[in-house]
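Chemist: okay, sequence plus prediction incoming.
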Protein chains: 2
Amino acid sequence: MDILQLSATARSASVRLAAIGTEVKNAALASIAEALSRRSGEIVAANRKDLAEAEKNNLAAPLLKRLAFDEDKIADVCAGIESLIRLDDPVGKTLSATELDEGLELYKVSCPIGVIGVIFESRPDALVQISTLCLKSGNAVLLKGGSEAQRTNAVLAEVITGATKDKLPYGWLQLLETRDDVSAMLGLDEYIDLIIPRGSNEFVRHIMSNTNIAVLGHAEGICHVYVESSADLDMAVKITVDSKCQYAAVCNAAETLLVDQEIAGEFLPKVKAGLEEKGVRLRGCQKTAEIIEVEPATQRDWSTEYLDYVLSVKVVGGIDEAIEHVNRYGSGHTEAIVTAESEKACRFMDLVDSADVFWNCSTRFSDGFRYGLGAEVGISTNKIHARGPVGLEGLVIYKWKLIGSGQVVAEYSGSGGRGFTHRKLDKECRF
Amino acid sequence: MDILQLSATARSASVRLAAIGTEVKNAALASIAEALSRRSGEIVAANRKDLAEAEKNNLAAPLLKRLAFDEDKIADVCAGIESLIRLDDPVGKTLSATELDEGLELYKVSCPIGVIGVIFESRPDALVQISTLCLKSGNAVLLKGGSEAQRTNAVLAEVITGATKDKLPYGWLQLLETRDDVSAMLGLDEYIDLIIPRGSNEFVRHIMSNTNIAVLGHAEGICHVYVESSADLDMAVKITVDSKCQYAAVCNAAETLLVDQEIAGEFLPKVKAGLEEKGVRLRGCQKTAEIIEVEPATQRDWSTEYLDYVLSVKVVGGIDEAIEHVNRYGSGHTEAIVTAESEKACRFMDLVDSADVFWNCSTRFSDGFRYGLGAEVGISTNKIHARGPVGLEGLVIYKWKLIGSGQVVAEYSGSGGRGFTHRKLDKECRF
């Protein structure tokens, strides 16, 4: 099948998938977990071939590690599926119920979005996580993985579709093969409702600029830690070090440290010691350089996502300058304030225009698993639909169901017309 | 100011507007209503000039009617503002609260989207409705109205900004002047978070295809009425006539009637009589033409939004053919089924992929005021963020607030790490 046929098939599968009940979806998830365990030999064998080729192509060690998919990782994804089965079905929830008039009831009911196109990086676990999240939320899914994981992904997709073929509409999950498929997908707004790209900044930006389909995700994570003048400085060091170093290569790691001028003299030497112990290089503004030895930061540093053991440091005059800096240079991802004053914390959290705003804890908590959402399909810096870590709830929308008994608008029009009651109902939609 | 400055000013106003409390926003709304009444003379005078010029330019009568803005309409929009004041503030609602661990609490809290760009048709009431909805939801707004209402809109914008200048950040509302401003706006994704276009199909499609900013709205409303075989046929006639004729020129009017073949012989003559009494011309499929006299429908009719006293009619073999037709040719707006069987109604409402799905009532109910949302900024056929009539709730998003006491992710990592409690909390965020 070509990409157009694949997408049209996914679209018609999505319509039927939307009406499938929780029990069937959970049974399909259980079948997937069972099949993954039962066929782990095949999966691991395919992964070994991908790994061998990747080594031959001199793939970097961290990428090889992400590509590896062994029995332990299979057990992990199966445990993930078991948790997903236990999560509430996000579909079919009554979000509001209103009597418009006697015998005319309006319900706002959650439903799947439809067809989701996901483009993901090398980790084959992502294929399983994303497709099972889409299944539980009733969405059909088009998947394109990294070419280095091609064999592993092909087996995984075959295992998943095989395990669900008696329970779910044909074509609910489709694996795309080539980069050309991705380009073609970007034009198929008739069939695809949402694209979730996961990959490098350039790649995500490219996707965002080349499609009229809604895109959920983030191009970059320029996260800040702001140490306010009343902060517990030991806590501030601990939070800064964790935000930068606990996993430097990911989007929720801090890239810029903002330090209140009042405590800069005392705090900067402390934090420098803590960071340098972990091998972090500092690039500082001029005021920073007057207090500790740092490489000079240029204007460009404030908008750079290092994804590495480098941190830019700026001394600010107070909380408003910090907020302004974050809103100007940040990417709307995650920002933390360290302060002892509740009022300052609230001001920062209210005025900073980011998806995740933290008080006295590490930026690294910004994650779907840590948030308790189950797995995540990605982290969104969008300002519509879903923001921050996106789990099941970000994969549904709603429809309005209006249940009448012959009412027409003409009866409610003009000066002699009937009025609306608009009475909130405390009941679930049973239609 | 040029459009770039206007937008940057709106962006910085939006940040401060997000932190303004309900009381201040309601006081600002009250000031607007007061100023509109007090300065009604100026407004009506400006509107008379617009009307005079429009008449000189031979604007069609229905458009002139929409352009007119007299003392009565001013009283209407002021009444609308009073209702808006009484509606709950959609900002600052705790959508979820979770304990991640002792002393580490996560809150999902609703917040404004930021800067909304609205392009609207000739009715000057729209300017007042949209800007007050944006104010109540804490959003800054860039407005571009129809050029025929230029003088009226300029006075209205001046009255609104004048009435709120002591209460709200400078630049929260800005009126764009030219078509070039609109084109420029489409490229300003750094400053504008959402565009809501209201106008002709071609215009809305043009906007959707020419910006990377999220667009909320609908290009067209190809709405269907499906008369199932068990329907009460008198009710079905009444619903069909209302759906088509109660206001034919709007998006929620029906464009296609689908009739089950089992009852077509009895129903079609009845509905023809009812529709022709209102002056509706029918275009039918071949099976329809075998039962009643109609113009022949071509393939193109199924995807045409007439916005006029014309209705296409198709005889279908059963509910599944009806659903397939709607999903293939519809625009995802509003569809009604007339049936006596609950099971059929549920099947239709579940499988039809539209924003608004109705059982035994007219498609014309699809409207923010009738739904009890207060006014609406538009009707969305998007499948992400907001769907159907969009009121206050569609103008907010959320941010995640995480409140800690020094926690870092390193403590929760590895085999000896702390676990998360992920306990749902039944409390409001007070930060």
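Modeler: Yes, it's here.

Chemist: OK, contacts around A:Pro389?
Modeler: Neighbouring residues of A:Pro389 by Cβ atoms under 8 Å, 6 or more residues apart in numbering or on different chains: A:Asp356, A:Ser366, A:Asp367, A:Gly368, A:Tyr371, A:Leu373, A:Glu376, A:Gly378, A:Ile379, B:Trp400. C-beta here means a position set from N, CA and C on the backbone, and glycine is covered the same way.

Chemist: if you could redo that for A:Ile239, that was the one I meant.
Modeler: Contacts of A:Ile239 by Cβ under 8 Å, 6+ apart are A:Val225, A:Ala336, A:Val338, A:Asn360, A:Cys361, A:Ser362, B:Gly406, B:Val408.

Chemist: ok but it is inside a strand, no?
Modeler: No: read with DSSP: H, G, I helix; E, B strand; the rest coil, A:Ile239 is helix and lies in no strand.

Chemist: sketch out the low-pLDDT regions of chain A for me.
Modeler: Within chain A, no stretch has pLDDT under 70.

Chemist: domain ranges for chain A?
Modeler: A:3-216+A:385-395, A:223-365 (automatic domain parsing).

Chemist: make JSON lines out of these and add distance to B:Ser83.
Modeler: Formatted as JSON lines, those follow (distance: least, Cβ to Cβ, whole Å):
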{"stretch": "domain A:3-216+A:385-395", "distance to B:Ser83": "15"}
{"stretch": "domain A:223-365", "distance to B:Ser83": "27"}
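
Chemist: what's the spacing between whatever residue of the stretch 251-400 of chain A ends up closest to chain B and A:Asn153?
Modeler: With Cβ to the nearest Cβ as the measure, A:Cys361 is the residue of the stretch 251-400 of chain A nearest to chain B, at 2.9 Å. A:Cys361 is 36 Å from A:Asn153, where distance means Cβ to Cβ, to the nearest Å.

Chemist: ok, back up a step: what's near enough to touch the residue of the stretch 251-400 of chain A closest to chain B?
Modeler: A:Ile239, A:Ala336, B:Leu104, B:Leu402, B:Ile403, B:Gly404, B:Ser405, B:Gly406, B:Gln407, B:Val408.

Chemist: so which residue is dead centre in chain A?
Modeler: A:Gly378 (2.0 Å; Cα atoms, centre = their mean).

Chemist: isn't that one right next to A:Arg198, touching?
Modeler: Yes: here A:Gly378 reaches A:Arg198: they are 5.6 Å apart, a contact under Cβ atoms under 8 Å.

Chemist: what do the two both touch?
Modeler: A:Gly217.

Chemist: show me what A:Val390 bridges to in the sheet.
Modeler: A:Gly378 (DSSP bridges).

Chemist: my guess is it meets A:Asp367, correct?
Modeler: No: in this structure A:Val390 lies outside contact range of A:Asp367 using Cβ under 8 Å: 11.1 Å.

Chemist: pick out whichever of the two has more residues nearby.
Modeler: Taking other Cβ atoms under 10 Å in any protein chain shown, A:Val390 and A:Asp367 do not tie; A:Val390 has more neighbours (23 against 18).

Chemist: so who does the more buried one touch?
Modeler: With the criterion set at Cβ under 8 Å, 6+ apart, A:Val390 makes contact with A:Leu216, A:Gly368, A:Leu373, A:Glu376, A:Val377, A:Gly378, A:Ile379, A:Ser380.

Chemist: run the last query once more with 7 Å
Modeler: Contact partners of A:Val390, counting by Cβ atoms under 7 Å, 6 or more residues apart in numbering or on different chains, are A:Leu216, A:Gly368, A:Glu376, A:Val377, A:Gly378, A:Ile379, A:Ser380.

Chemist: hang on, A:Phe348 packs against A:Glu341?
Modeler: No: in this structure A:Phe348 lies outside contact range of A:Glu341 using Cβ atoms under 7 Å: 10.1 Å.

Chemist: more neighbours: these two, which one.
Modeler: Remark: of A:Phe348 and A:Glu341, A:Phe348 carries more neighbours, 23 against 14, as counted by other Cβ under 10 Å.

Chemist: so the helix or strand harbouring the more buried one, near chain B or not?
Modeler: In this structure, A:Phe348 sits in helix A:342-351 according to DSSP states H and E. Yes: using Cβ under 7 Å from any Cβ of the partner chain, we find that helix A:342-351 touches chain B at A:Ala345, A:Cys346, A:Met349, A:Asp350, A:Leu351.

Chemist: assign a three-state SS to the residue nearest to the fourth one when sequence neighbours are not counted, would you?
Modeler: It stands for A:Asp350. Leaving aside its sequence neighbours, A:Asp350 sits nearest to B:Ala19 (Cβ to Cβ, 6 or more residues apart in numbering or on different chains; 4.2 Å). Three-state call for B:Ala19 (three-state DSSP): coil.

Chemist: hang on, B:Ala19 packs against A:Leu351?
Modeler: Yes: counting by Cβ under 7 Å, A:Leu351 is a contact partner of B:Ala19 at 5.6 Å.

Chemist: bridge partners for the closest residue to A:Cys285 other than its chain neighbours, pull those for me.
Modeler: Leaving aside its chain neighbours, A:Cys285 sits nearest to A:Lys314 (4.5 Å; criterion: Cβ to Cβ, 6+ apart). Beta-bridge pairing for A:Lys314 (DSSP bridges): A:Leu258.

Chemist: next one: phi and psi at the nearest residue to A:His422 once chain neighbours are set aside?
Modeler: Sequence neighbours aside, B:Gly372 is the residue nearest to A:His422 in space, at 3.6 Å (criterion: Cβ to Cβ, 6+ apart). Phi and psi for B:Gly372, reported as degrees, to the nearest 10, are phi 80, psi 20.
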